[in-house]
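> Quick check, what structure comes out for this input:
(chains A and B)
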Amino acid sequence: DTAVSQTPKYLVTQMGNDKSIKCEQNLGHDTMYWYKQDSKKFLKIMFSYNNKELIINETVPNRFSPKSPDKAHLNLHINSLELGDSAVYFCASSQFLTNSPLHFGNGTRLTVT
Amino acid sequence: AQTVTQSQPEMSVQEAETVTLSCTYDTSESDYYLFWYKQPPSRQMILVIRQEAYKQQNATENRFSVNFQKAAKSFSLKISDSQLGDAAMYFCASNRQGAQKLVFGQGTRLTINP
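All right, here's what the predicted structure looks like:
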């Protein structure tokens, strides 16, 4: 039973295309996140949703649009992909308690050519 | 703003020996939480250990323990009896009370030599 699952695992696409990454968690958590891991392995938060409401929106280009249809799902849509968007994108979830550790998905490696 | 610094990009240790990974952080908050995550080649992010800043006792999880020095803002991870399966990137992270924003360090790549 996968706790946080994201699809696809790998995504290769050309510049200018629009793509989506899906994430689902079955842990009953009320908060979900998107993190980006760059080529140097640095992890940085992009967005966070609590009960379907956006609570954290870091300085991310507005080509990135998260959507949370319900507490268990948080999708990431990216418009007009650029070379610099190539990275590993991690979905995560937790309960809205700061000592609740994040549970991560296995990541989606996005390659923009 | 919180910052987390891992000054060791790479570390290596012989199998069965002990290794310590360093982490320092900076925060103006009094309530916060600290974590170590492991990322093996499979790319999965796995929680290793966590520490509440208000607790003086160092957290331990089997072969993994921390040395939490609050005044020095230091949070090192000790791995005892290193095993081949411990080889991974290790990330130190923190978040403050009332926030849901985990801030990560740059990571330390740990190699286990057989």
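> Go ahead and list the helix or strand containing residue 35.
No chain was given, so I picked chain A. Following DSSP states H and E, one finds A:Y35 within strand A:31-37.
> actually chain B
strand B:32-39.
> now A:N106
Applying DSSP H and E, one finds A:N106 in no helix or strand.
> which ones are touching it?
A:S5, A:Q6, A:K9, B:S42, B:R43, B:Q44 (C-beta atoms under 8 Å, 6 or more residues apart in numbering or on different chains). C-beta coordinates here come from the backbone N, C-alpha and C atoms, glycine included.
> Name the nearest residue to the fourth one, sequence neighbours excluded.
In other words, B:S42. Leaving aside its chain neighbours, B:S42 sits nearest to A:N106 (7.4 Å; criterion: C-beta to C-beta, 6 or more residues apart in numbering or on different chains).
> what's near enough to touch the closest residue to chain A within chain B?
Relative to chain A, the nearest point of chain B is B:M45 (3.7 Å; C-beta to the nearest C-beta). Taking C-beta under 8 Å, 6+ apart, we find B:M45 in contact with A:F90, A:A92, A:L102, A:F104, A:G107, B:Y37, B:K38, B:Q39, B:F91.
> In these, which has the lowest confidence score?
Lowest pLDDT within those is found at A:L102 (90).
> Grab the nearest non-local neighbour of that residue.
A:A92 (4.3 Å).
> Among the contacts of A:N106, pick out the one closest to B:A87, please.
Within those, the smallest distance to B:A87 is 11.4 Å, found for B:S42 (C-beta to C-beta).
> right, is stretch B:57-67 up against chain A?
No. Using C-beta under 8 Å from any C-beta of the partner chain, stretch B:57-67 never reaches chain A; the gap is at least 11.6 Å.
> buried set for that stretch?
B:A59, B:F64, B:S65, B:V66 (16 or more other C-beta atoms under 10 Å in any protein chain shown).
> go on, stretch B:8-23?
Quick answer for stretch B:8-23 (16+ other C-beta under 10 Å): B:Q8, B:M11, B:V13, B:V19, B:L21, B:S22, B:C23.
> what's that stretch in contact with?
With C-beta under 8 Å, 6+ apart as the criterion, stretch B:8-23 contacts B:4-7, B:34, B:36, B:67, B:74-84, B:90, B:92, B:105-114.
> Nice, that's everything, thank you.
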